[in-house]
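# Starting from these lines, generate the structure:
(chains A, B, C and D)
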Protein chains: 2
Amino acid sequence: MPSTETVDAIDARLLLALADDPRATTVALAERTGIARNTAQTRLTRLERTGALDTFERRVSPEALGYPLTAFITAQVTQRRLDETASALAAVPEVLEVHGISGTVDLLIHVAAKDADDLYRIAGLILAVPGIERSSTALAMRRLVPYRVAPLLRRAAD
Amino acid sequence: MPSTETVDAIDARLLLALADDPRATTVALAERTGIARNTAQTRLTRLERTGALDTFERRVSPEALGYPLTAFITAQVTQRRLDETASALAAVPEVLEVHGISGTVDLLIHVAAKDADDLYRIAGLILAVPGIERSSTALAMRRLVPYRVAPLLRRAAD
DNA sequence: CTGAATTTTGAGCGTTCTGCCCAAAAGTTC
DNA sequence: GAACTTTTGGGCAGAACGCTCAAAATTCAG
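Numbering: from 1, shown residues only, chains lettered A, B, ... in the order given. Predicted coordinates for the structure are as follows:
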């Protein structure tokens, strides 16, 4: 399976250029990064094919969809039938992502909501999911550091 | 400012098509969604311009960069000079995102690490950040629900 | 350190897409 | 029902794409 085929310096430069201008053409990227057009094309295709690039959905901001509230719900689960719990959570559209984590809490559930009432409703839905024991909702109030990978990319680009 | 210009049904269909094939051409997207080429072009340009689409960096998977470990570090801060704390956190490359959240804990820090030792080091860096009081590291062990917005998009696409 | 294997480069070529124009049709708003 | 906005479809020149190929450069292994 395509495990961690590490991105090399050339890939990293291409990705940085793409981060700067996501709609740039292959030729433009090749120019900006100083590599041949053929190489850029090969690399880009490979990046998309091997799964080094995550789903496009990651770029769709829930805010733009009318869900301006972000919350993180932590929950404990009865360890039996975790998969069942996971698929029940996946059935809730507002659940964006669920991590199984170590520590005193078992689940970190990333949700989006239209407003406070909506969030309350969703929290209720989640508590009703079979296997969910206790939950605690934390509202994301401010984005102190917006998501970025550029520092890691620059490191990889040498 | 371009606040929440809600994405309409046409946009949602385009985004779903893009999620299915991120490298699809505009004509291909227009065909798949059954809208005119000109309309698709206008919409796509607008989506990118108005910020309905988040940064491309969101698609770069830290795993592919050689950081297979994901962790969430929660921390409490001395409420003074939160901005200073934020910029100190932003200076750590492995810090992917920081949320200010409500609840017993103030910060949710999303980090990537090469391995357990690396994570330990990063946790140390974060604890050393001025303003950080206490911290607790939770390792993401399993992705129960991988990130997705498709359910919300389908709802928006009617 | 040298030979083999892989990758990058540069050039070319036909097809397709892009970015733009415009006017007519469709859909919305008041 | 009139005014306005958006979508549609057509067209057009220039650019980009996807592909091939052979030479040059780089990487890897013995």
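# Doesn't A:His110 lie inside a strand?
Yes - counting by DSSP: H, G, I helix; E, B strand; the rest coil, A:His110 is part of a strand.
# what residue ranges in chain A score low on pLDDT?
Chain A contains residues with pLDDT under 70 at A:1-5.
# Just the element for A:Leu125, please.
A:Leu125 belongs to helix A:116-127 when elements are defined using DSSP states H and E.
# Can you identify the element that follows that helix toward the C-terminus?
strand A:132-145.
# Contacts for the longest helix seen in chain A next, please.
Scanning chain A for the helix with the most residues, using DSSP state H, yields helix A:37-50. The set of residues external to helix A:37-50 that reach it, using Cβ atoms under 8 Å, 6 or more residues apart in numbering or on different chains, is A:2, A:5, A:7, A:10-11, A:14-15, A:26-27, A:29-30, A:33, A:52-53, B:22-23, B:64. For glycine as for every other residue, the C-beta is placed from the backbone atoms N, C-alpha and C.
# picking that back up, near chain B, anything from the helix holding A:Leu125?
No - using Cβ under 8 Å from any Cβ of the partner chain, we find that helix A:116-127 stays clear of chain B, coming within 11.1 Å at best.
# List the buried residues in that helix.
By neighbour count on 16 or more other Cβ atoms under 10 Å in any protein chain shown, the buried set for helix A:116-127 is A:Leu119, A:Ile122, A:Ala123, A:Leu125, A:Ile126.
# Can you tell me how far the residue positioned nearest the centre of chain A is from chain B?
Nearest to the mean C-alpha position of chain A, counting by Cα atoms, centre = their mean, stands A:Arg58 at 5.3 Å. Using Cβ to the nearest Cβ, to the nearest Å, we find A:Arg58 at a distance of 4 Å from chain B.
# centre of the chain versus stretch A:85-97, how much separation?
15 Å (Cα atoms, centre = their mean, to the nearest Å).
# Are it and chain B in contact anywhere?
Yes - Stretch A:85-97 lies within reach of chain B by Cβ under 8 Å from any Cβ, at A:Thr85, A:Ala86, A:Leu89, A:Ala90, A:Pro93, A:Glu94, A:Val95, A:Leu96, A:Glu97.
# Just give the closest residue to the fourth one, not the sequence neighbours.
Meaning A:Ala90. B:Val145 (4.8 Å; Cβ to Cβ, 6 or more residues apart in numbering or on different chains).
# Please tell me I have it right and the one you found contacts A:Ala88.
No - the pair B:Val145 / A:Ala88 is not scored as a contact, 10.2 Å apart, by Cβ atoms under 8 Å.
# Around the residue in chain A that DNA strand D sits nearest to, count how many other residues there are.
Among the residues of chain A, A:Thr26 lies closest to DNA strand D, at 3.1 Å counting by Cβ to the nearest atom of the strand. Residues lying near A:Thr26 (other Cβ atoms under 10 Å in any protein chain shown) number 15.
# Now do the contacts for it.
A:Arg37, A:Ala40, A:Gln41, A:Leu44.
# Quick one: which of those is the most crowded by neighbours?
Ranking the contacts of A:Thr26 using other Cβ under 10 Å puts A:Ala40 first, with 24 neighbours.
# quick one, phi/psi of the nearest residue to that one once chain neighbours are set aside?
Distances taken as Cβ to Cβ, 6+ apart put A:Ala30 closest to A:Ala40, at 4.0 Å, once the chain neighbours are dropped. Backbone torsions for A:Ala30, taken as degrees, to the nearest 10, come to phi -60, psi -40.
# Quick one: neighbours of A:Ala30, just the number.
21.
# That one and A:Ala24 touch, don't they?
No - applying Cβ under 8 Å, one finds A:Ala30 not in contact with A:Ala24, separated by 9.7 Å.
# out of the contacts of helix A:37-50, who's near DNA strand C?
Among the contacts of helix A:37-50, proximity to DNA strand C is found for A:Ile10 (Cβ under 7 Å from any atom of the strand).
# are any of the contacts of helix A:37-50 buried, and which?
In terms of neighbour count (16+ other Cβ under 10 Å), the buried residues within these are A:Val7, A:Ile10, A:Asp11, A:Leu14, A:Leu15, A:Leu29, A:Ala30, A:Thr33, A:Ala52, A:Leu53, B:Ala64.
# Switch the residues you listed over to CSV; also include distance to B:Ile101 and secondary structure.
Output for the buried ones among the contacts of helix A:37-50, formatted as CSV (distance: Cβ to Cβ, whole Å; DSSP: H, G, I helix; E, B strand; the rest coil):
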residue, distance to B:Ile101, secondary structure
A:Val7, 31, coil
A:Ile10, 38, helix
A:Asp11, 34, helix
A:Leu14, 34, helix
A:Leu15, 29, helix
A:Leu29, 37, helix
A:Ala30, 42, helix
A:Thr33, 38, helix
A:Ala52, 30, coil
A:Leu53, 29, strand
B:Ala64, 28, helix
